[in-house]
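1. sequence first, predicted coordinates after that:
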Amino acid sequence: MRKRPFFSLGMLILTFLLSMDIHAQDPPKPVYITMTTLHRNYETDGKDWKATEQEYFDKVTSKNPLIIGFEILTHYYTENSSEIILVNVYKTWEDIEKSNDVSEDLIKKAWPDEKARTAFFDKQMSYYTPMHSDEIYSSITSIGEKEFKATSKEPMIVYIRKSQMSMSGKGKGMKEYNEKVTLKDPYIKGYYPFRHAWGADSRDFMEAVFYDSFADIEKSGQKQDELIKAAWPKEADSKAFFDQLKLVFTGIHADYIYHNIPGVSK
């Protein structure tokens, strides 16, 4: 059976987002997210690539109950314009591998003829270069998240902030900040924090934020300034709070902005 090389072995978990309600008395359990970074082969046609991924999504990903969330993120403002990130979300670590078996069965049903099946996956793989990377993350439900609910068929702006945790055990305040600022920001349509579970750097702390438009990122920044002043009106209190919050991180971070593809969103 031909399969994508990035769906092999322990399946990467991209702990990116999962739609879950937040109940104080019954907090949601962490989910696992696999993020596979691929690179487009620019010698192939972009429209054909999208149609092929749509077909795979319709016949396999959308029908796999163990994949509870899925996104394809494409470059908007990142260091490499060839980037394409596949995000899969699972309830448990075990579901990652189990999901592979379910997808295998769906693939056989979708393309029962072996030659047709081989032709489809050869075509699908031709849209990418051989290079890829995999990371697995775990959602952090204890500090709050905002469920993304699509209201438009237009691509969303997905801003990912990768911060470096200090790992010192010092610092606090992420939950309070999110409750008083992030979750009250009307420009933020979805917010999902997650951290390293398997991959290159155990210090990784990620935040995925959904916006309607690129302009809303700047509006969001202005709104958050207002919310911060309202939450901590006294300068001394504000300084004390943010001095503690800063201790959680080293101060080093990176910013990435992507588009999602609504037709292949789960």
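-> Yep, that arrived.

2. how would you label T250: helix, strand or coil?
-> Secondary structure assignment for T250 (DSSP: H, G, I helix; E, B strand; the rest coil): strand.

3. which non-adjacent residue is nearest it?
-> Excluding the flanking residues, the one nearest T250 by C-beta to C-beta, 6 or more residues apart in numbering is Q164, at 4.5 Å. C-betas here are computed from N, CA, C, even on glycine.

4. what sits against the one you found?
-> Contacts for Q164 (C-beta atoms under 8 Å, 6 or more residues apart in numbering) come out as D201, R203, D204, F205, F249, T250, G251, I252, H253.

5. strands along the stretch 101-250 of the chain, start to end?
-> 133-139, 157-165, 190-198, 204-211, 249-260 (DSSP state E, counting those that start in this stretch).

6. circling back to that earlier point, what pairs with the residue nearest to T250 across the strands?
-> D204 (DSSP bridges).

7. dihedrals phi and psi, the nearest residue to L106 once chain neighbours are set aside?
-> Closest residue in space to L106, ignoring its immediate chain neighbours: V60 at 4.7 Å, by C-beta to C-beta, 6+ apart. Note on V60: backbone dihedrals following degrees, to the nearest 10 are phi -130, psi -70.

8. so V60 is in contact with D105, correct?
-> No - if you go by C-beta atoms under 8 Å, V60 and D105 don't touch, sitting 9.6 Å apart.

9. out of the two, which sits in the busier spot?
-> Neighbour count, other C-beta atoms under 10 Å: between V60 and D105, V60 has more, with 19 against 12.

10. who's in contact with that one?
-> Taking C-beta under 8 Å, 6+ apart, one finds S103, L106, I107, A110 in contact with V60.

11. put together CSV for the strands of the stretch 101-250 of the chain, with mean pLDDT and distance to I72 on each row.
-> Putting those into CSV (pLDDT from 0 to 100; distance: least, C-beta to C-beta, whole Å) gives the following:
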stretch, mean pLDDT, distance to I72
strand 133-139, 95, 15
strand 157-165, 97, 10
strand 190-198, 95, 16
strand 204-211, 97, 14
strand 249-260, 96, 7
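
12. looking at these, spot the one closest to G46.
-> With C-beta to C-beta as the measure, strand 249-260 is the member of those nearest G46 (12.8 Å).
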